[in-house]
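Enquirer: Predicted coordinates and the sequence they were generated for:
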Amino acid sequence: MARSSAYETVLDAGLFTPDQLQPTAVGRLAFQAGTRWMRDHVCSHRMLVSEHRVGFVLWSYQLEYVQPLRFLDADEALVEVTARVRGPRASQLEVTMTLEGPAGVAVRTRAASVPLGLSGDAALSGSPVPLPAALVAAFRDDEIERAPHRSRVPALRAGFERDGQRLAVDVSEFRVHRHHCEVADQWYWAETLGFAAGAREELVRRHGRAVPELRRAQAGPVRRIDVTWLRAGQLWDLMRVRTSAHRTTEGLAFVHELGLAEDEGGPGGPYAVVVERI
């Protein structure tokens with residue numbers, strides 16, 4: 001049976017909007033949960049980097065809000081996390097987290113990361129490699145799956161363009177400051193969920209009068225977020241977010257393309273794509 005780690009996390013007002021847990025807060029809790037599972041069952045994140053010279057870069061993430069959980073509902077929530085190696089050459093680490101409140105599971109996340117062989121510099125530079133055999137050996141048979149994890153973002157975007165109706169397009173900019181970064185001075189992936197949420201709010205502020213149905217995106221909770229990261233923003237990069245709002249059969253959807261402002265339309269393409277469904 002696949003192993004899990006379970007523990008209580010204390011809830012505070014800074015984790016919430018009026019309607020739900022903030023997406024960025026859920027991202028941080030999910031990263032902490034995956035780090036805890038690795039420490040409990042394989043090795044700590046610090047040892048992974050310093051002794052094994054292995055890091056992980058997140059490339060696909062899914063967040064689903066299942067049951068309501070607001071600040072006044074509970075003092076703590078139960079976190080449960082599992083992990084497994086995926087891909088025919090142990091080329092991915094997939095971590096699944098649930099966070100449970102009084103009404104049951106409130107959020108569910110799934111994150112797929114790619115292992116990196118680190119060069120040993122302070123920037124934690126590295127290149128994709130299969131997970132070393134010594135680390136794979138720490139996973140049980142039912143924690144190893146040969147089929148790779150696949151991002152849903154490309155199919156979602158194609159479906160919005162094919163079956164939905166585009167309501168508005170807007171552009172926002174932000175700069176990556178040190179409080180948005182992790183130890184290697186590149187953006188901490190969870191912060192990009194906040195950049196996308198901010199871009200959505202700016203779009204609604206600018207276009208909500210002309211397209212009143214967009215205002216629903218400010219009045220109610222997010223249902224689901226899907227993300228793929230293609231490159232990492234670095235400290236002090238000026239990033240541009242191109243946001244498009246779509247009417248779909250299920251409600252409203254927002255697609256955010258995050259890229260380097262000076263490279264818009266360049267050969268590098270977007271750094272990340274975030275899909276929010278309301």
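Expert: Yep, it's here.

Enquirer: Could you export the longest strand seen in the chain as CSV, CA atoms only?
Expert: Using DSSP state E to define each element, the chain has its longest strand at strand 104-118. What follows is strand 104-118, C-alpha atoms only, in CSV (Å, rounded to 0.1, in the frame of the first residue of the first chain):
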residue,chain,number,x,y,z
GLY,A,104,-14.7,16.8,4.4
VAL,A,105,-12.0,17.3,1.8
ALA,A,106,-11.8,21.0,1.0
VAL,A,107,-9.0,21.1,-1.6
ARG,A,108,-7.2,18.5,-3.6
THR,A,109,-3.9,19.1,-5.4
ARG,A,110,-1.7,17.2,-7.8
ALA,A,111,1.8,18.3,-8.7
ALA,A,112,4.3,16.8,-11.1
SER,A,113,7.9,17.8,-11.0
VAL,A,114,10.9,16.9,-13.2
PRO,A,115,14.2,15.9,-11.4
LEU,A,116,17.3,18.0,-12.1
GLY,A,117,20.9,17.0,-11.8
LEU,A,118,22.4,20.0,-10.0
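
Enquirer: Flag every buried residue along that strand.
Expert: 105-118 (16 or more other CB atoms under 10 Å). The C-beta positions use only the backbone N, C-alpha and C, and glycine is treated the same way.

Enquirer: Would you check which pair of those residues lies furthest apart?
Expert: Greatest spatial distance among the buried residues of strand 104-118 (CB to CB): Ala106 and Gly117, at 36.8 Å.

Enquirer: Heading C-terminal from the longest strand of the chain, find the next helix or strand.
Expert: strand 126-128 (DSSP states H and E).

Enquirer: follow-up on the earlier one: tell me the gap between the longest strand of the chain and the middle of its chain.
Expert: 8 Å (CA atoms, centre = their mean, to the nearest Å).

Enquirer: Direction included, what does that strand pair up with?
Expert: strand 54-65 (antiparallel), strand 92-101 (antiparallel), strand 126-128 (antiparallel) (DSSP bridges).

Enquirer: Lowest-scoring secondary structure element of the chain by mean pLDDT?
Expert: strand 126-128 (a mean of 87; mean pLDDT, DSSP states H and E).

Enquirer: And the next helix or strand past it?
Expert: From strand 126-128, the next helix or strand downstream (DSSP H and E) is helix 133-136.
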